[in-house]
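Undergrad: need coordinates for the below:
(chains A and B)
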There are 2 protein chains.
Amino acid sequence: MKPAIKVLALSGGVGGAKLALGLSRLVEPGELAILVNTGDDFEHLGLRICPDLDTVLYTLAGVVHPEQGWGRADESFGFMDELRRQGGPDWFLLGDRDLVLHVERTRRLAEGERLTQIMSEFASRFGVASRLLPMSDAPISTLLETDAGALEFQHYFVRLRSIPKVQKLHYAGAAQARPTDEVLDLLRSRSLEAIIVCPSNPYLSIDPILAVPGLRMALRAARVPIVAVSPLIAGRAIKGPTTKIMNELGIAADALAIARHYSGLIDGLLVDEIDANAETLRALAQTGIRVGVTRTLMKTLDDRERVADAALALAAEVASARGAGTGTAYPSAAPIDARSVG
Amino acid sequence: MKPAIKVLALSGGVGGAKLALGLSRLVEPGELAILVNTGDDFEHLGLRICPDLDTVLYTLAGVVHPEQGWGRADESFGFMDELRRQGGPDWFLLGDRDLVLHVERTRRLAEGERLTQIMSEFASRFGVASRLLPMSDAPISTLLETDAGALEFQHYFVRLRSIPKVQKLHYAGAAQARPTDEVLDLLRSRSLEAIIVCPSNPYLSIDPILAVPGLRMALRAARVPIVAVSPLIAGRAIKGPTTKIMNELGIAADALAIARHYSGLIDGLLVDEIDANAETLRALAQTGIRVGVTRTLMKTLDDRERVADAALALAAEVASARGAGTGTAYPSAAPIDARSVG
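TA: As a prediction, the model looks like this:
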């Protein structure tokens, strides 16, 4: 029998995967599920590519490129070299080993398998005990309206290096999508104890998940603490265009904006200690969201565990403040580095 | 304007490609077309793989693996290693560079492009002046009925290493196929001067081509000499299961059997000098097929040119014996190494 899932993480790619790895190490094998953004997925060379799912998979499997945070550590590029030589599109890097997943996924999708089944099988292949759950089995595509026209995510992010100015975002196909039975079952299960929103880009990685009709409501209906980890440190994101997009959308890039963005969804927000000044904490307190503080930068494996630990502790705090009397997702004592400010 | 095609070669994979390369070096750039077997084509990992077309392409492009005779000279196997590690099927070797063609072909076919168009574009990419013509744009699959059951060609040839005993061959899909307009136009063109049947496996490589409805008749209707190069030397094929299959089908593996096999199609047969004994030549003479003799083993580039030269010379001889008064495909003097026995 599969172990019951106790923690669900919502994640995009690199940053989210780091926290997911930390979480996976704090719970028993198989007690973590990761609900992953598929808004970045796209067709390239006729192959179905799911960057965030694969990044989470490779990270949890311990085969991810350690500096990059995506792709394989041990990779070769014969295919890419040859594609370039033949004049093919070379803006999206495809490693030879990485290609196995794209080819296999494309074949299985064409045969009618659901992405959820495929990723579950991939996780088994890689010996990953955590469950990888696509946000939906239906294709949803994050589209950015920019000063360079409407762009699919990978074209914006990789091909154009996030340079175009973002005016608006939407999630094409979301209206026709629905959450998978696997996700709905999990959110209805009595074993679930906490939902953690990883420090991924709120607009490009988490919002697409929340755009799946019914999913936001199902997350709330799970009646477990939902805690987000802020992707910002001193107004800057570690990686990716979060800050740039917030600026372009006219939103101040700070912890308060993150709290407001997730307002109505989250019960707790874990912010970086750099941002834990009196003024910010006061403003955050007014949102009604419980705040935790830790160093959120995740450079080492210890960092990933520490941030995961702080997020789970904050969730436990929320649960205990509610007096729900349910078990806590995180059985250990409060983490040394995390201070709670409620 | 494209140069007019003067010579058409019928070819399978490795052996045929060698002669095609020889032919390509004896005519002006663009004057050779190769009509290639697609009966070996198959779906693998969801990719459309055309082994003979790619072997001919790589050979003419000068990028083929020199010892193997197929695949790329400069190749890496990251994809294959990873596929194997993940427990995928590893019996069919796919190089990282080689994969570019399979991925690109699969994508284009899915978009509705014809295989003929795709291979023409691939030839351009590789700077190949000769025209690569699939025997049909419709899928045809060589099926072998064996003591191990019915097998697709690649399963018989690669996965089971030609070990099962062949009882019967057929070409699934052939009845629904038709020759392409490109091939029919070429066979009707006044520029065509000779058709050369390469020393490929008659059963596995040439018969599938001839099984395309209307193609055999169109070849004859071209009214140009058709010359085959025997794939046997002293009753043995250089490569592949030709002799084994002939034995299993109860056919003596000798030049006479090849002449009889192609009876009604060919005007001339080029045999190896080892087979040019008085008895064989007498028997061949009775078939009404004009016979040429040369060393047919093609180890070096010079060999390939020499055999090509002898085949074209034999075609010229057929044309001149007919008194057709048309130009000859091959303008030079009779090759030193080729003796004509008619």
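Undergrad: when you work out contacts or count neighbours from here on, use the C-alpha atoms and nothing else.
TA: Noted.
Undergrad: what parts of the stretch 101-250 of chain A come near chain B?
TA: Residues of the stretch 101-250 of chain A that fall close to chain B, judged by Cα under 8 Å from any Cα of the partner chain: A:103-104, A:106-107, A:125-126.
Undergrad: buried among those? Make that a PyMOL selection.
TA: Buried residues within those, by 16 or more other Cα atoms under 10 Å in any protein chain shown, are selected in PyMOL with:
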select buried, chain A and resi 103+104+106+107+126
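Undergrad: what about A:Cys198, how many residues nearby?
TA: Other residues near A:Cys198 come to 29 when the count uses other Cα atoms under 10 Å in any protein chain shown.
Undergrad: actually, A:Gly235.
TA: A:Gly235, neighbours per other Cα under 10 Å, totals 15.
Undergrad: now A:Ile274
TA: So A:Ile274, with other Cα under 10 Å, has 14 neighbours.
Undergrad: same check on A:Ile238?
TA: A:Ile238 - counted by other Cα under 10 Å - has 17 other residues nearby.
Undergrad: give the contact list for it.
TA: A:231-232, A:297 (Cα atoms under 8 Å, 6 or more residues apart in numbering or on different chains).
Undergrad: measure it to A:Tyr156 for me?
TA: Counting by Cα to Cα, to the nearest Å, the gap from A:Ile238 to A:Tyr156 is 19 Å.
Undergrad: A:Leu232 too?
TA: A:Leu232 is 21 Å from A:Tyr156, by Cα to Cα.
Undergrad: got the end-to-end distance for stretch A:165-176?
TA: Span of stretch A:165-176 from end to end, Cα to Cα: 28 Å.
Undergrad: who touches it?
TA: Stretch A:165-176 is contacted from outside by A:39, A:138-148, A:203, A:208, A:211-213, A:245, A:248-249, using Cα under 8 Å, 6+ apart.
Undergrad: keep only those of those residues that are in strands.
TA: Among the contacts of stretch A:165-176, DSSP state E puts A:141-146 in strands.
Undergrad: okay if I get the contacts of A:Ile238 as TSV plus secondary structure and neighbour count?
TA: Putting these into TSV (DSSP: H, G, I helix; E, B strand; the rest coil; neighbours: other Cα atoms under 10 Å in any protein chain shown) gives the following:
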residue	secondary structure	neighbour count
A:Pro231	coil	29
A:Leu232	strand	25
A:Leu297	coil	19
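Undergrad: could you dump those residues into a markdown table with pLDDT added?
TA: Putting the contacts of A:Ile238 into a markdown table (pLDDT from 0 to 100) gives the following:
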| residue | pLDDT |
| --- | --- |
| A:Pro231 | 95 |
| A:Leu232 | 94 |
| A:Leu297 | 94 |
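Undergrad: looking at those residues, which one is closest to chain B?
TA: Closest approach to chain B among the contacts of A:Ile238 (Cα to the nearest Cα): A:Leu297, at 32.4 Å.
Undergrad: strands - which of the residues of the stretch 101-250 of chain A next to chain B land there?
TA: Among those, DSSP E puts none in strands.
Undergrad: so which of the residues of the stretch 101-250 of chain A next to chain B comes closest to A:Gly15?
TA: Checking those against A:Gly15 by Cα to Cα gives A:Phe126 as the nearest, at 20.4 Å.
Undergrad: surely that closest one meets A:Gly62?
TA: No. Using Cα atoms under 8 Å, A:Phe126 is not in contact with A:Gly62, being 9.1 Å away.
Undergrad: in the helix or strand that contains A:Ala150, which residues are buried?
TA: Element membership for A:Ala150, per DSSP states H and E: strand A:149-152. By neighbour count on 16+ other Cα under 10 Å, the buried set for strand A:149-152 is A:150-152.
Undergrad: can you give me how far it is from the chain middle?
TA: What separates the centre of strand A:149-152 from the centre of its chain is 22 Å, taken as Cα atoms, centre = their mean, to the nearest Å.
Undergrad: which helix or strand lies directly C-terminal to it?
TA: Next in sequence after strand A:149-152, counting helices and strands by DSSP H and E, comes helix A:153-154.
Undergrad: now for that next one, which elements pack on it?
TA: strand A:141-146 (3 or more Cα pairs under 8 Å, 6 or more residues apart in numbering or on different chains; DSSP states H and E).
Undergrad: got the contact list for the strand it packs on?
TA: Residues contacting strand A:141-146 (Cα under 8 Å, 6+ apart): A:38-42, A:150-153, A:156, A:164-174, A:204, A:208.
Undergrad: in PyMOL, how would I select the buried members of those?
TA: Applying 16+ other Cα under 10 Å to those leaves a buried subset, and the PyMOL line that selects it is:
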select buried, chain A and resi 38+39+40+41+42+150+151+152+153+156+164+165+166+169+170+171+172+174+204+208
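Undergrad: got any ranges where chain A has weak pLDDT?
TA: Flagging of chain A using pLDDT under 70 yields the residue ranges A:1, A:324-342.
Undergrad: what comes up buried for the longest helix seen in it?
TA: Longest helix in chain A by number of residues (criterion: DSSP state H): helix A:301-322. Within helix A:301-322, the residues scored as buried using 16+ other Cα under 10 Å are A:303-319.
Undergrad: now, which of the residues you listed lie close to chain B?
TA: Answer for those near chain B: none qualify (Cα under 8 Å from any Cα).
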